[in-house]
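Colleague: heads up, no residue letters with this:
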């Protein structure tokens, strides 16, 4: 096996994170830069190139020391062409050419994929997936993303939309989603979905509740506030968490019945609720899976946090 290093880049709307790793996934150096999305995001790739070049100089390294650079990015990715389009949180409205530009500037082979796919690869390789061949990551953030590794292969689908778990329909008469259809999982179980459910249930709730008082006072709430109130025994908050857990268990149950992965990993900001969320979702997951899946597919919390993206990106370079 080569002893060349891997360079992982995790590009987000706020920051771009970088890491230099060994072949077996050990992080040796980490740093980050702010993402400048001005001027339709045209500074982003040049800033990434400059940061890589500056740090290689700082660490007395050059292109010969690296097997490759891998990058995870929002948007629709053509993995073969190395292009990205439609990453609206990056202000990228036109086709971007990160592979062409970064390879030309650094002389290092470059690979790219969607950010949630890359996080799934990180968790599968060095996180809660324990290098199993069948792992699905569900990332509960502002929306819900997913990455599916089946029989050791990352699934993309015919147009790159494999793993869009947030758009699994769980309530056909439910909330309207930004995608244009009703009842998507992310309208209920994402961070914004939890708040939406809380507002609706609070209007109908007549009992005693600190969370209801907060909402009635016109104060802003977050999914974290909802879960903190539930942990403190707030009856309304517990009802909200149960409703969210029901639909999340239903959605993940469908994933389990279709794919039968060894692990379904729950990551993203909402997963910070930890075992309090996991145990409730698992109860409904078991309700909605048939016996063989119920006995062989396990729900787990993702473990890598902010490093999942750079580790997964490095695994792209490794492949």
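Modeller: Great, that's in hand. This structure is a prediction, so every number in the text was calculated from the model and none was measured.
Colleague: against residue 175, how distant is residue 224?
Modeller: Using Cβ to Cβ, to the nearest Å, residue 224 is found at 21 Å from residue 175. Glycine gets a C-beta too; all of them are placed from N, C-alpha and C.
Colleague: ok, residue 68 next?
Modeller: For residue 68, the distance to residue 175 - Cβ to Cβ - is 42 Å.
Colleague: and those two? Which one has more around it.
Modeller: In this view residue 68 and residue 175 are compared by other Cβ atoms under 10 Å, and residue 68 has more residues nearby, 20 against 15.
Colleague: phi, psi of the more buried one?
Modeller: When read as degrees, to the nearest 10, the backbone of residue 68 gives phi -180, psi 170.
Colleague: tell me the bridge partners for it.
Modeller: residue 6 (DSSP bridges).
Colleague: go on, the one 4 residues further on?
Modeller: With DSSP bridges as the criterion, the beta-bridge partners of residue 72 are residue 10, residue 113.
Colleague: the lengthiest helix in the chain: which residues count as buried?
Modeller: In the chain, with assignment by DSSP state H, the single longest helix is helix 235-259. The neighbour-count check on helix 235-259 (16 or more other Cβ atoms under 10 Å) flags 235-241, 243-256, 259 as buried.
Colleague: tell me the domain boundaries of this structure?
Modeller: 5-122+307-318, 132-302 (automatic domain parsing).
Colleague: may I see those domains organised as a markdown table, with mean pLDDT added?
Modeller: As requested, these are exported to a markdown table (pLDDT from 0 to 100):
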| stretch | mean pLDDT |
| --- | --- |
| domain 5-122+307-318 | 96 |
| domain 132-302 | 96 |
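Colleague: the protein: helices as residue ranges?
Modeller: In the chain, the segments counted as helices under DSSP H are 38-41, 44-58, 98-106, 115-126, 186-189, 191-204, 210-216, 223-231, 235-259, 275-288, 291-296, 308-318.
Colleague: out of those, nearest to residue 76?
Modeller: helix 115-126 (11.6 Å; Cβ to Cβ).
Colleague: packing partners for the closest one?
Modeller: On a contact count with 3 or more Cβ pairs under 8 Å, 6 or more residues apart in numbering; DSSP states H and E, helix 115-126 meets strand 5-11, strand 66-73, strand 135-140, strand 144-150, strand 153-154, strand 263-267, helix 308-318.
Colleague: could I get those in TSV, plus columns for distance to residue 105?
Modeller: Listed next are the helices and strands packed on helix 115-126 as TSV, based on distance: least, Cβ to Cβ, whole Å:
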stretch	distance to residue 105
strand 5-11	13
strand 66-73	11
strand 135-140	30
strand 144-150	28
strand 153-154	27
strand 263-267	32
helix 308-318	16
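Colleague: nearest to residue 38, out of these?
Modeller: Short answer: strand 5-11, nearest of these by Cβ to Cβ, at 15.6 Å.
Colleague: residues in contact with that closest one?
Modeller: 16-23, 28, 35, 44, 48, 52, 61, 65-74, 90, 108, 115, 118, 309-318 (Cβ atoms under 8 Å, 6 or more residues apart in numbering).
Colleague: buried ones among those?
Modeller: 16-21, 35, 44, 48, 52, 66-74, 90, 108, 115, 118, 309-318.
Colleague: from residue 206, how far off is the residue lying closest to residue 120 once chain neighbours are set aside?
Modeller: Excluding its sequence neighbours, the residue lying closest to residue 120 (Cβ to Cβ, 6 or more residues apart in numbering) is residue 147, at 2.6 Å. Taking Cβ to Cβ as the measure, residue 147 and residue 206 are separated by 42 Å.
Colleague: alright, that wraps it up for me.
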